[in-house]
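In: Next comes the sequence, and after it the predicted model I'd like to discuss.
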Amino acid sequence: MFSTAVKDKSITLVFLLIAYFLLLGLSMDTHGWGDDQYFQVLNESGSIFEQVWSRYHQWSGRLGIELLLAYTIAWSFFWKLTIPLSIILIIYCFLKLSKYKISPIYFIVVTVLVNLIPSDITSESFYWVTGFYNYLLPCSLGLFCFYVIHERISNKAVIFLAFVSVFIFSYQEQVVIVFVLASVVSLYRVFALNKLFFVALSLFNAVVLFSAPGNILRYNSSVRLYFSNYSDFGFVEKAYLGMDKMYQAFMMSDNWPLFVFLSLLAFVGYHNNEKGIFEKISLVIVFFYLLIFCLQQQKYAFTDESLMGFKYSGTVTSNSIIGANMYKGYLVFLLVLSAAITLMLGLARKHSTVWPALLSLFFGVLSILMLGFSPTVYASGFRVALIFELSLVLATLYLFKCIVNKPLIVGRYW
């Protein structure tokens with residue numbers, strides 16, 4: 001009787017998952033303006049390759065993505081199907097990488113975590129059709145390819161799909177850089193020729209992406225349009241711009257994946273019997289941030305500002321530069337980020353799963369920091385924080401292993 005009840009419960013959960021993703025796909029539609037309209041008109045022109053090739057020389061280096069986008073945007077069944085499938089693929093890879101059983105309950109948990117990503121991010125990267133092609137799709141394919149080579153999957157059909165996916169995700173700047181760095185780490189841990197091959201193949205496509213003649217033209221026009229003094233900035237100043245973009249994502253009032261991650265980290269860190277003085281101080285800082293986050297929800301209906309108004313959003317004047325309002329948010333941001341890293345390093349002495357969680361967080365932060373090296377750093381909205389949010393979900397899954405598992409030998413997962 002018990003096994004029958006469990007089976008019936010699993011069937012119910014599977015039905016709910018199918019219903020959710022089916023409704024998600026059916027609810028998708030293109031906009032009659034912007035990039036959706038542009039590529040729909042391009043699809044109807046009859047000279048798709050020539051126009052995409054022209055864009056490669058005049059505007060964008062995302063050749064593989066834009067070819068797929070231009071040829072398939074008119075087929076509504078394609079993106080109505082691939083948008084939910086991309087989310088499913090991300091969830092599946094997350095569960096496999098973090099060594100969870102593929103079951104309906106775990107699938108629902110991760111689905112909920114993904115749906116907690118702020119709507120400012122998902123509305124432009126999940127549910128905007130051209131945004132899906134440029135963000136969600138390459139993220140899912142890059143993650144899938146990494147899973148295949150990291151777990152050394154031997155199925156030839158799966159390897160072939162990973163091979164094909166390289167020619168799509170490698171044409172998204174954030175994704176290809178994170179993929180190459182993560183693959184190099186995996187290659188360092190366990191050397192394999194197929195890992196080396198996929199790294200080389202993605203690097204080849206990345207060269208095609210970054211060397212596009214249109215990138216130079218777009219850079220110059222973006223400087224004139226968005227950031228007139230950007231050319232005067234050096235490496236450090238551009239890194240600061242990336243840090244500022246990271247700060248914007250970090251201080252979002254509805255960044256629930258970050259709240260869940262820090263809450264779980266604080267719980268695990270609190271129950272660590274071997275924590276030192278710096279870890280205790282870090283716990284206080286994280287608890288302080290969580291308290292601020294909860295208090296913000298009490299006034300969120302009356303304001304769309306960032307966390308407790310910490311994000312400075314006024315005009316930069318001689319008075320505001322020396323005012324505390326411009327810097328108190330940065331102080332909180334740097335303290336919380338440093339505290340999280342300190343707690344994770346302390347936990348890593350006992351739990352092997354903390355190391356991949358720390359790496360996930362590192363690559364997520366890096367995916368935003370690199371945006372400072374583009375003059376469009378403030379023009380792309382919040383969708384560019386997608387990899388960071390997904391990294392928080394994956395890091396949360398790794399951290400949860402610290403609760404359900406006994407202390408593990410470092411190296412079991414990586």
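Out: Alright, I've got the coordinates. Numbers count the residues shown, from 1 in each chain.

In: what about the nearest residue to K80 once chain neighbours are set aside, how many residues close to it?
Out: Closest residue to K80 apart from its sequence neighbours, by Cβ to Cβ, 6 or more residues apart in numbering: G25 at 4.4 Å. Backbone N, C-alpha and C define where each C-beta goes, glycine included. The local packing of G25 (other Cβ atoms under 10 Å) involves 18 other residues.

In: Secondary structure element for G25, which one?
Out: Taking DSSP states H and E as the criterion, the element that holds G25 is helix 2-27.

In: That helix: what's the following helix or strand?
Out: With elements assigned by DSSP H and E, the helix or strand that comes after helix 2-27 is helix 34-44.

In: now the helix holding G25: mean pLDDT?
Out: For helix 2-27, mean pLDDT is 80.

In: go on, stretch 245-264?
Out: On average, the pLDDT along stretch 245-264 is 90.

In: tell me how far the ends of that stretch are from each other?
Out: 25 Å (Cα to Cα, to the nearest Å).

In: cool, and stretch 166-177?
Out: Terminal residues of stretch 166-177 are spaced 12 Å apart (Cα to Cα).

In: Show residues contacting it.
Out: Stretch 166-177 has contacts (Cβ atoms under 8 Å, 6 or more residues apart in numbering) with 61-66, 68, 134-135, 137-139, 141-142, 145, 179, 198, 201-202, 205-206, 208-210, 366-367, 370-371, 384, 387.

In: who touches L347 in this structure?
Out: V268, G269, N272, V354, C402 are the contacts of L347 under Cβ under 8 Å, 6+ apart.

In: What is the least confident helix or strand in this protein?
Out: The weakest-scoring helix or strand in the chain, judged by mean pLDDT, DSSP states H and E, is helix 318-321 (a mean of 58).

In: one step back: mind checking which of the contacts of stretch 166-177 are in helices?
Out: 63-66, 68, 137-139, 141-142, 145, 179, 198, 201-202, 205-206, 208-210, 366-367, 387 (DSSP state H).

In: Going through those residues, which ones are buried?
Out: Neighbour-count burial (16 or more other Cβ atoms under 10 Å) applied to the ones in helices among the contacts of stretch 166-177 gives 63-66, 68, 137-139, 141-142, 145, 179, 198, 201-202, 205-206, 209, 366-367, 387.

In: related to what we said a few turns ago, packing partners for the helix holding G25?
Out: helix 76-97, helix 104-115 (3 or more Cβ pairs under 8 Å, 6 or more residues apart in numbering; DSSP states H and E).

In: what's the longest one packed up against?
Out: In other words, helix 76-97. Using 3+ Cβ pairs under 8 Å, 6+ apart: helix 76-97 touches helix 2-27, helix 104-115, helix 137-150, helix 386-404.

In: Format those helices as a markdown table; extra columns: distance to Q297.
Out: Output for those, formatted as a markdown table (distance: least, Cβ to Cβ, whole Å):
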| stretch | distance to Q297 |
| --- | --- |
| helix 2-27 | 25 |
| helix 104-115 | 17 |
| helix 137-150 | 28 |
| helix 386-404 | 18 |
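
In: Tally up the residues packed near the nearest residue to L69 once chain neighbours are set aside, please.
Out: When the adjacent residues along the chain are set aside, L69 lies closest to Y133, with 4.4 Å between them (Cβ to Cβ, 6+ apart). By other Cβ under 10 Å, the residues close to Y133 number 25.

In: separation between Y133 and H31?
Out: Using Cβ to Cβ, to the nearest Å, we find Y133 at a distance of 13 Å from H31.

In: ditto for F363
Out: In this view, F363 and H31 are 31 Å apart by Cβ to Cβ.

In: Name the residue in the two with the higher neighbour count.
Out: Comparing F363 with H31 by neighbour count (other Cβ under 10 Å), the higher total belongs to F363, at 22 against 12.

In: any idea how far the more buried one lies from Y247?
Out: Separation of F363 from Y247 (Cβ to Cβ): 18 Å.

In: same deal with K328?
Out: 12 Å.

In: K101 now?
Out: For K101, the distance to Y247 (Cβ to Cβ) stands at 37 Å.

In: Neighbour count for the two, which is higher?
Out: Of the pair K101 and Y247, Y247 is the one with more neighbours under other Cβ under 10 Å, namely 20 against 8.

In: helix, strand or coil for that one?
Out: Counting by DSSP: H, G, I helix; E, B strand; the rest coil, the backbone at Y247 sits in helix.

In: now it, nearest residue through space, not along the chain?
Out: F333 (5.0 Å).

In: what number of residues lie near that neighbour?
Out: Count around F333 with other Cβ under 10 Å applied: 22.

In: Please apply the same query to the one 4 residues further on.
Out: Neighbourhood size, L337 [other Cβ under 10 Å]: 18.

In: element containing it?
Out: Secondary structure assigned from DSSP H and E places L337 in helix 328-347.

In: follow-up on the earlier one: mind listing which of the contacts of L347 are in helices?
Out: Using DSSP H, V268, G269, V354, C402 are the members of these that sit in helices.

In: need those residues in CSV with distance to N115, neighbour count and pLDDT, can you?
Out: CSV is the format used below for the ones in helices among the contacts of L347 (distance: Cβ to Cβ, whole Å; neighbours: other Cβ atoms under 10 Å; pLDDT from 0 to 100):
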residue, distance to N115, neighbour count, pLDDT
V268, 24, 21, 91
G269, 26, 25, 90
V354, 25, 26, 90
C402, 24, 24, 83
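
In: Quickly name whichever of the residues you listed is closest to I48.
Out: V354 (47.6 Å; Cβ to Cβ).

In: check contacts around the closest one.
Out: V354 sits in contact with M344, L347, A348, Y398, L399, C402, where contact means Cβ under 8 Å, 6+ apart.

In: how does it look with 7 Å?
Out: The contact partners of V354, taken as Cβ atoms under 7 Å, 6 or more residues apart in numbering, are M344, L347, A348, Y398, C402.

In: Just give me the neighbour total for V52.
Out: By the criterion of other Cβ under 10 Å, V52 has 22 neighbours.

In: Settle this for me: it is touching L68, isn't it.
Out: No - with contacts defined as Cβ atoms under 7 Å, V52 does not count as touching L68, sitting 9.7 Å away.
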